[in-house]
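1. This is a predicted model, with the sequence first.
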Amino acid sequence: MSIKENVNRLLREIDRVKSLHHLTQNVTICAATKYVDVKVMKELLQAGITNFGENRVQDFLTKYEVLQNEDITWHFIGTLQTNKVKKMINKISYLHSLDRENLAEEINKYRKAPLNCFIQVNCSGEVSKHGLRVDDVHSFIYKLEKYDKIKIIGLMTMAENTTDIEVLKQTFRTLRELRDEIQTLKLPYAPCTELSMGMSNDYQIAIREGATVIRIGSLLFSNGGNNDD
């Protein structure tokens, strides 16, 4: 299938899931473009995808240089090292992987305008995954009040690599419930309305549990791509 056909199929599936479960949230497709080149990204643009998520700073900077005049909203969805913040932080609109205060401090030092950030949460508890423990999120958010270039718009998680639907539901539900708790705090710098969760293999479940941003890789690419979104 072509990229355009893949995009249309994904849009139809999102609408189907929302209709079936009577859901009303807007769902943004963030194309996880770690494994694709600029040519494919231009095809995605032509198919109506304008949100792109990169995992590696150098790859992002290379693609940004070529595509900077296109109508693209750039997301950084990978782990961000503090020593690479300066060179890229004013080129993105969203960061999905804020999980430590020294990173917030470095962003605050170099960012010119408030940055939309998702706090990365390790809901599954797997040692191989980055992110804060669920129990540490509240205290971390309070520490961020002094950083005026950080705006916490939501939470992000990566689910387990499993086909067990109940496990996936619980992971995404944990993030949603945590998001709801933070919203009740009514912190001006942390409205925390968004949920970045769900990839090619589990996005339907994530949407059912409240996802507002899904990070999709392989489903968008005509050659099947790589499931490691």
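-> Perfect, thanks for sending it.
2. For residue 7, give me its contacts.
-> 29, 44, 47-49, 220 (CB atoms under 8 Å, 6 or more residues apart in numbering). C-beta here means a position set from N, CA and C on the backbone, and glycine is covered the same way.
3. repeat that for 7 Å
-> Contacts for residue 7 (CB atoms under 7 Å, 6 or more residues apart in numbering) come out as 47-49, 220.
4. Likewise for residue 67?
-> 38, 41.
5. Residue 137 now?
-> Each residue near residue 137 by CB under 7 Å, 6+ apart is listed here: 119, 121, 178.
6. Tell me which entries of those residues lie within strands.
-> residue 119 (DSSP state E).
7. can you put the contacts of residue 137 in CSV and add distance to residue 34 and neighbour count?
-> As requested, those are arranged in CSV below (distance: CB to CB, whole Å; neighbours: other CB atoms under 10 Å):
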residue, distance to residue 34, neighbour count
119, 21, 30
121, 21, 26
178, 27, 21
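8. Adding pLDDT and distance to residue 70, write the contacts of residue 137 out as CSV.
-> What follows is the contacts of residue 137, written out as CSV (pLDDT from 0 to 100; distance: CB to CB, whole Å):
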residue, pLDDT, distance to residue 70
119, 98, 29
121, 98, 31
178, 98, 35
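9. Give me the distance from stretch 126-135 to the chain's centre.
-> Offset of stretch 126-135 from its chain centre (CA atoms, centre = their mean, to the nearest Å): 16 Å.
10. what is the mean pLDDT for it?
-> For stretch 126-135, mean pLDDT rounds to 87.
11. Over to stretch 23-43?
-> Averaged across stretch 23-43, pLDDT comes to 96.
12. which outside residues touch that stretch?
-> 3, 10, 14, 44, 49, 51-55, 63, 66-67, 75, 77, 207, 210-217, 220-221, 225-226, 229.
13. Kindly report the same for stretch 180-188.
-> With CB under 7 Å, 6+ apart as the test, stretch 180-188 has contacts from 141, 190, 192-193.
14. Neighbour-wise, which one of these leads?
-> For those, the largest number of neighbours (other CB atoms under 10 Å) sits with residue 192, at 25 neighbours.
15. Helices of the protein, residue ranges please.
-> Secondary structure of the chain, counting by DSSP state H: helices at 3-20, 38-46, 57-67, 85-88, 101-110, 137-143, 165-185, 203-208.
16. Return the most buried member of those helices.
-> helix 203-208 (a mean of 22; mean count of other CB atoms under 10 Å).
17. Output it as PDB, restricted to C-alpha atoms.
-> C-alpha atoms of helix 203-208 as PDB (Å, rounded to 0.1, in the frame of the first residue of the first chain):
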ATOM      1  CA  TYR A 203      -2.700   2.500  19.500                       C
ATOM      2  CA  GLN A 204      -6.300   1.300  19.500                       C
ATOM      3  CA  ILE A 205      -6.100   0.300  23.100                       C
ATOM      4  CA  ALA A 206      -4.300   3.600  24.000                       C
ATOM      5  CA  ILE A 207      -7.100   5.600  22.300                       C
ATOM      6  CA  ARG A 208      -9.700   3.700  24.200                       C
END
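18. could I get the contacts of residue 137 as a markdown table with distance to residue 36?
-> Listed next are the contacts of residue 137 as a markdown table, based on distance: CB to CB, whole Å:
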| residue | distance to residue 36 |
| --- | --- |
| 119 | 27 |
| 121 | 27 |
| 178 | 32 |
